[in-house]
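Trainee: Take this sequence and fold it.
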Amino acid sequence: QEQLVESGGGLVQPGGSLRLSCTASGFRLAYQSVGWFRQAPGKEREGISCINSSDGATYYADAVKGRFTISRDNGKNTVYLQMNSLQPEDTAVYYCAAASRSVQAMCAMKSGGYWGQGTQVTVSS
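Mentor: Have a look, this model is predicted:
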């Protein structure tokens with residue numbers, strides 16, 4: 001069964017850090033572009049960071065640029081999102097997704113591909 005599973009979410013104080021993991025089973029993540037998306041209450045889901053399958057090119061939304069870093073470990077079939085300097089506005093459910101798309105198209109993806117079930121990130125003092 002092909003699936004993606006996110007982990008690493010939780011409650012963190014402003015200024016803190018978290019690392020999210022997205023692990024695939026049933027297919028090789030190395031052959032897919034992978035993206036991290038988030039959906040805050042009352043807002044649409046948005047692509048915040050993506051990495052492609054070929055040359056490791058990355059994309060970051062302006063809201064997270066300089067604070068978040070996406071990386072992949074093909075040996076572990078896992079993609080990570082290191083999140084630093086977290087702020088309350090980063091509070092959301094974070095999803096990962098995988099598809100055969102360019103890195104820009106990946107972060108604009110609304111449907112299709114593989115999606116995880118999401119992990120909650122709450123930034124609060």
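
Trainee: quick one, strands of this structure?
Mentor: 3-7, 10-12, 18-25, 33-39, 46-51, 58-60, 68-73, 78-83, 92-99, 114-115, 119-123 (DSSP state E).

Trainee: Compare those strands and give me the one nearest residue 108.
Mentor: Of all those, strand 46-51 sits nearest to residue 108, with 6.2 Å by CB to CB. For every residue, glycine as well, the C-beta is placed using N, CA and C.

Trainee: starting at the chain centroid, how far to stretch 82-98?
Mentor: 8 Å (CA atoms, centre = their mean, to the nearest Å).

Trainee: just to revisit the earlier point, kindly compare burial across the strands of the chain and name the winner.
Mentor: Compared across these, strand 33-39 shows the largest average neighbour count, a mean of 25 (mean count of other CB atoms under 10 Å).

Trainee: Show residues contacting the lowest-mean-pLDDT helix or strand in the chain.
Mentor: Here the helix or strand of the chain ranked lowest by mean pLDDT, DSSP states H and E is helix 103-107, holding a mean of 92. Outside helix 103-107, the residues that touch it by CB atoms under 8 Å, 6 or more residues apart in numbering are 33-35, 37, 47-52, 57-59, 61, 97, 99.

Trainee: Thanks again, I'm all set now.
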